[in-house]
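Q: 3D, please:
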Amino acid sequence: MSILVIAEHDNKTLNGATLNVVAAAQKIGGDIAVLVAGAGAQAVADAAAKIAGVSKVLLADNAVYEHQLAENVAQLVADVAKSGYKHVLAASTTSGKNILPRAAALLDVSMISDIIAVESENTFKRPIYAGNAIATVQSEESIIVATVRGTAFDAVASEGGSAAIEAVGEAANAGVSTFVNEEIVKLDRPELTAARIVVSGGRGVGSGENYHKVLDPLADKLGAAQGASRAAVDAGFVPNDYQVGQTGKIVAPDLYLAVGLSGAIQHLAGMKDSKVIVAINKDEEAPINSVADYWLVGDLNTVVPELVSKL
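A: Down below sits the predicted model:
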């Protein structure tokens, strides 16, 4: 049984989420191949070949995959999957969720999204109702296509493997989308989904100016990534790439500090798997307290600066 894992990358560096997907593939069992679709992405293929447990790397290095337009990559994934793969897996990230449904449609199979556990080669668990219930799903499709929630699987070692790299020569441009431009925000802090510590603010911080005034020093002291609730993002306090939650990013850091954040069900779905959750809120009845390991009732404008002074 062969499993195809779609590598996530920027043509230079392999995204760590791929290691979590390989971990899920190992639980299914079988030979694991990693597909790298990009342009000038040899370094990514070399990194993928070193992943523990990977038996083969397929490198589709062509200009049509430079920006990994979903329509182009999905056709490639579908074509490769037909060559003898039983499973096709990708990370449940913006990129993975963009490509895999298209590939499943081209393969004429249904797909399973956001799996958090592997029961057998065709049976998986996934959260539903914003994580308040867990569904066990069994698929009888000829090719099982699924996205993997990275926080549910411990990443495999990025070193130790010695997989062979094979070139995928064929490339096709679907011709239905074009790359215009991209704006990348450069941050000195860790990337949100990979950070060990996350400091998040909610609507209770009051404004974008106050968000940075109060939370930036705390994040700097802890070396933490910064996040926010949907309410804070919708209010314009911070950009939407800060959003943690069901419609934002799913995180599971060692420490999650929720400041001025009520804990709506949509937000809890994105962070409740964090190892330690600390809540600072003036409302002692806030829903965030139901999942917090520690909570402090108080004014964040007083409590957070005092905390920073003692770190």
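Q: alpha carbons of stretch 29-44, as PDB, please.
A: Extracted C-alpha coordinates of stretch 29-44, given in PDB (Å, rounded to 0.1, in the frame of the first residue of the first chain):
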ATOM      1  CA  GLY A  29       1.200   2.000   7.200                       C
ATOM      2  CA  GLY A  30       2.800   1.500   3.900                       C
ATOM      3  CA  ASP A  31       5.400   3.100   1.600                       C
ATOM      4  CA  ILE A  32       5.400   6.800   1.900                       C
ATOM      5  CA  ALA A  33       6.200   9.100  -1.100                       C
ATOM      6  CA  VAL A  34       6.400  12.900  -0.800                       C
ATOM      7  CA  LEU A  35       5.400  15.000  -3.800                       C
ATOM      8  CA  VAL A  36       7.200  18.300  -4.100                       C
ATOM      9  CA  ALA A  37       5.600  20.600  -6.700                       C
ATOM     10  CA  GLY A  38       7.400  23.900  -7.300                       C
ATOM     11  CA  ALA A  39      10.000  25.700  -9.300                       C
ATOM     12  CA  GLY A  40      13.700  25.700  -8.300                       C
ATOM     13  CA  ALA A  41      12.700  23.500  -5.400                       C
ATOM     14  CA  GLN A  42      15.600  21.000  -5.400                       C
ATOM     15  CA  ALA A  43      16.500  22.100  -1.800                       C
ATOM     16  CA  VAL A  44      13.000  21.200  -0.700                       C
END
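Q: for that stretch, buried residues please.
A: For stretch 29-44, a neighbour-count test (16 or more other CB atoms under 10 Å) marks 31-38, 41, 44 as buried. All C-beta spots, glycine's among them, are computed from the backbone N, C-alpha and C.
Q: in TSV: these, plus pLDDT and distance to Ser120.
A: Shown next, in TSV, are those (pLDDT from 0 to 100; distance: CB to CB, whole Å):
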residue	pLDDT	distance to Ser120
Asp31	93	17
Ile32	95	17
Ala33	95	21
Val34	96	23
Leu35	96	24
Val36	95	28
Ala37	94	29
Gly38	93	33
Ala41	93	34
Val44	95	31
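Q: filter the residues you listed down to the ones in helices?
A: Under the assignment DSSP state H, the buried residues of stretch 29-44 contribute Val44 to helices.
Q: out of the buried residues of stretch 29-44, the closest to Ala133 would be?
A: Ile32 (30.3 Å; CB to CB).
Q: from Val5, how far off is the closest residue in space to Gln26 that isn't next to it in sequence?
A: Once flanking residues are discounted, Gln26 sits nearest to Gly53: 5.3 Å by CB to CB, 6 or more residues apart in numbering. Counting by CB to CB, to the nearest Å, the gap from Gly53 to Val5 is 10 Å.
Q: more crowded one of the two?
A: Comparing Gly53 with Val5 by other CB atoms under 10 Å, the one with more neighbours is Val5, at 27 against 16.
Q: and that one, which helix or strand is it part of?
A: Using DSSP states H and E, the element containing Val5 is strand 2-6.
Q: can you list the helices and strands that that strand packs against?
A: helix 17-28, strand 31-38, helix 70-81, strand 87-91, helix 94-107 (3 or more CB pairs under 8 Å, 6 or more residues apart in numbering; DSSP states H and E).
Q: which of these sits closest to Val198?
A: helix 17-28 (16.1 Å).
Q: how far does the closest one sit from the chain's center?
A: Between the centre of helix 17-28 and the centre of its chain there are 13 Å (CA atoms, centre = their mean, to the nearest Å).
Q: next one: stretch 160-177
A: On CA atoms, centre = their mean, the centre of stretch 160-177 falls 22 Å from the chain's centre.
Q: that one - what's its average pLDDT?
A: The average pLDDT within stretch 160-177 is 86.
Q: buried set for it?
A: 161, 163, 168, 171.
Q: how about the residues you listed in JSON lines, adding secondary structure and distance to Gly201?
A: What follows is those, written out as JSON lines (DSSP: H, G, I helix; E, B strand; the rest coil; distance: CB to CB, whole Å):
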{"residue": "Gly161", "secondary structure": "coil", "distance to Gly201": "40"}
{"residue": "Ala163", "secondary structure": "coil", "distance to Gly201": "42"}
{"residue": "Val168", "secondary structure": "coil", "distance to Gly201": "44"}
{"residue": "Ala171", "secondary structure": "coil", "distance to Gly201": "44"}
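Q: can I get these in TSV with distance to Ala152?
A: Formatted as TSV, the buried residues of stretch 160-177 follow (distance: CB to CB, whole Å):
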residue	distance to Ala152
Gly161	22
Ala163	24
Val168	30
Ala171	33
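Q: what are the ranges of the helices in the stretch 201-311 of the chain?
A: Remark: helices assigned in the stretch 201-311 of the chain by DSSP state H, counting those that start in this stretch are 208-222, 230-234, 265-271, 300-310.
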